[in-house]
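*Asks:* Give me coordinates for this.
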Amino acid sequence: MGLTVKSGTRTAAPIPTTSPVGSVDFSVRLQHTINFSDEASPRSKAKPAGVHGCEIYIKIDGEAPKDASELTYVATDTATPYVLKFDGSKAGKMVYYWLRWVNTRGETGPWSIAVSAMVAG
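*Replies:* So this is what the prediction gives:
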């Protein structure tokens, strides 16, 4: 009859093995729009299987961060894009972004390549 019989057990979400590819649109004053997609399918907005969302971390001003200890957590976004608004004191400063996937169990994948943009004043 072609019926699928379910096993009755759930399969745990795998730990992400790919990283997001990010880009920043800074065309609106005091605002960044962060778009992200999976490195395995960069033309698709779909997240990898088992992924809950994309963790977004930033560092504002100064040199580019060298490791995660220099970053501040911003949000976990479940759908691209993410909009981040800044106050006037951040105008003219460089913002560095690191992204990574997090699965439904809170396990994280590898960091993305850093992306950065200036806050337009």
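*Asks:* Could you list the low-pLDDT ranges of the chain?
*Replies:* By pLDDT under 70, the weakly predicted segments of the chain are 1, 7.
*Asks:* Mind doing that once more with 80?
*Replies:* Residue ranges of the chain with pLDDT under 80: 1-11.
*Asks:* in it, which spans are strands?
*Replies:* Applying DSSP state E to the chain gives strands spanning 20-25, 31-38, 51-60, 72-77, 82-85, 94-103, 115-118.
*Asks:* Between those strands, which one is closest to P14.
*Replies:* Counting by C-beta to C-beta, P14 lies closest to strand 94-103 out of the strands of the chain; the figure is 6.9 Å. Every C-beta, even on glycine, is put in place using the N, C-alpha and C of the backbone.
*Asks:* Using PDB, write down the CA coordinates of the closest one.
*Replies:* Included here for strand 94-103 are C-alpha records, laid out as PDB according to Å, rounded to 0.1, in the frame of the first residue of the first chain:
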ATOM      1  CA  MET A  94      33.200  49.700  12.400                       C
ATOM      2  CA  VAL A  95      31.100  46.700  13.400                       C
ATOM      3  CA  TYR A  96      32.500  43.100  13.100                       C
ATOM      4  CA  TYR A  97      30.100  40.200  12.800                       C
ATOM      5  CA  TRP A  98      30.700  36.500  13.500                       C
ATOM      6  CA  LEU A  99      27.900  34.000  12.900                       C
ATOM      7  CA  ARG A 100      27.300  30.300  13.600                       C
ATOM      8  CA  TRP A 101      24.500  27.800  13.400                       C
ATOM      9  CA  VAL A 102      22.900  26.500  16.500                       C
ATOM     10  CA  ASN A 103      20.700  23.300  16.500                       C
END
